[in-house]
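K.L.:
Next one to model:
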Amino acid sequence: MKTKLLLIEDDIALATMLIEYLRAAEISLDHVDTASVGLDLARQQNYDVVLLDLTLPDGDGLELCRELRSFSGVPVIMITARGDELDRIIGLELGADDYLPKPFNPRELVARIRAVLRRGRLNQHHESGAADTLLEYGDLCIDPVGRQVTVDGEVKALTGYQFDLLLLLAQNSGRVMTRDQLMNGLKGEQAEAFDRSIDVHIGRIRAAIESDPKKPERIITLRGVGYLFSSRQNRLT
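P.N.:
Numbers count the residues shown, from 1 in each chain. Predicted coordinates for the structure are as follows:
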């Protein structure tokens with residue numbers, strides 16, 4: 001089955017080139033050039049990935065990403081000519097799975113698309129029954145099969161990458177995980193791109209599952225070493 005992609009890009013020349021290249025790579029896609037139409041399509045159809053320009057004629061891609069995350073966990077790859085590192089960090093905090101500055105090599109884009117999709121497939125097809133086990137820590141519940149996180153019954157919105165990161169930490173609860181171990185565990189060709197941003201993702205996860213993200217009790221930072229998911233968790237209120 002072909003990958004189905006939504007391209008939200010108002011640069012017609014770039015969009016035309018990407019459409020031709022991605023279709024040659026057996027990726028089916030819909031293209032729109034405004035945020036409003038893109039948001040409507042994302043609500044109406046199930047896409048495997050969204051390729052999102054940050055600068056759109058009727059809105060900001062960062063805001064669109066935030067709105068997407070309010071109802072969908074579809075992987076989002078941001079593309080932009082803006083080179084501000086702050087935009088990249090904000091994009092990740094709002095739920096983007098990757099960020100690719102213009103100009104870029106279309107082959108790299110295809111590799112990143114396949115990486116986010118591959119990571120999702122790996123987590124849908126577990127190698128053992130143990131991997132399907134519901135993980136519960138106090139009022140925190142992680143469902144590896146449904147790929148859903150709840151705290152006290154409330155569903156928490158995480159990107160695919162953030163869910164994978166939380167799951168990996170939880171499956172190794174009580175064990176200190178270095179950055180290298182986390183990156184190796186997550187795999188994927190885009191892992192290196194996220195190495196410097198892993199703290200951003202941890203912060204996002206903490207905002208979702210900690211009662212006080214500034215004083216985390218679930219994901220503990222060991223400075224200069226790595227992260228520890230506490231195996232002793234009471235009900236956090």
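K.L.:
For this structure, which segments count as helices?
P.N.:
The residue ranges that make up the helices of the chain, judged by DSSP state H, are 12-24, 35-44, 61-69, 85-94, 106-124, 160-171, 179-186, 191-194, 198-209.
K.L.:
Please identify the deepest-packed of those helices.
P.N.:
Each of these was scored by mean neighbour count; the highest is helix 160-171, a mean of 22, by mean count of other C-beta atoms under 10 Å. Placement of C-beta: from N, CA and C, glycine included.
K.L.:
the inter-axis angle of that one versus helix 85-94?
P.N.:
Between helix 160-171 and helix 85-94, the angle comes out at 60 degrees (axes from the mean of the first three to the mean of the last three C-alpha atoms, to 10 degrees).
K.L.:
Report the angle between helix 160-171 and helix 179-186.
P.N.:
Orientation note: helix 160-171 sits at an angle of 110 degrees relative to helix 179-186 (the same axes, to 10 degrees).
K.L.:
Could you export helix 160-171 as PDB, CA atoms only?
P.N.:
Listed next in PDB are the C-alpha coordinates belonging to helix 160-171 (Å, rounded to 0.1, in the frame of the first residue of the first chain):
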ATOM      1  CA  GLY A 160       4.800   9.400  17.500                       C
ATOM      2  CA  TYR A 161       8.400  10.100  18.400                       C
ATOM      3  CA  GLN A 162       7.500  11.200  21.900                       C
ATOM      4  CA  PHE A 163       5.400   8.100  22.500                       C
ATOM      5  CA  ASP A 164       8.200   5.900  21.300                       C
ATOM      6  CA  LEU A 165      10.600   7.700  23.600                       C
ATOM      7  CA  LEU A 166       8.300   7.400  26.600                       C
ATOM      8  CA  LEU A 167       7.700   3.800  25.900                       C
ATOM      9  CA  LEU A 168      11.400   3.000  25.600                       C
ATOM     10  CA  LEU A 169      12.000   4.700  29.000                       C
ATOM     11  CA  ALA A 170       9.100   2.900  30.700                       C
ATOM     12  CA  GLN A 171      10.200  -0.400  29.300                       C
END
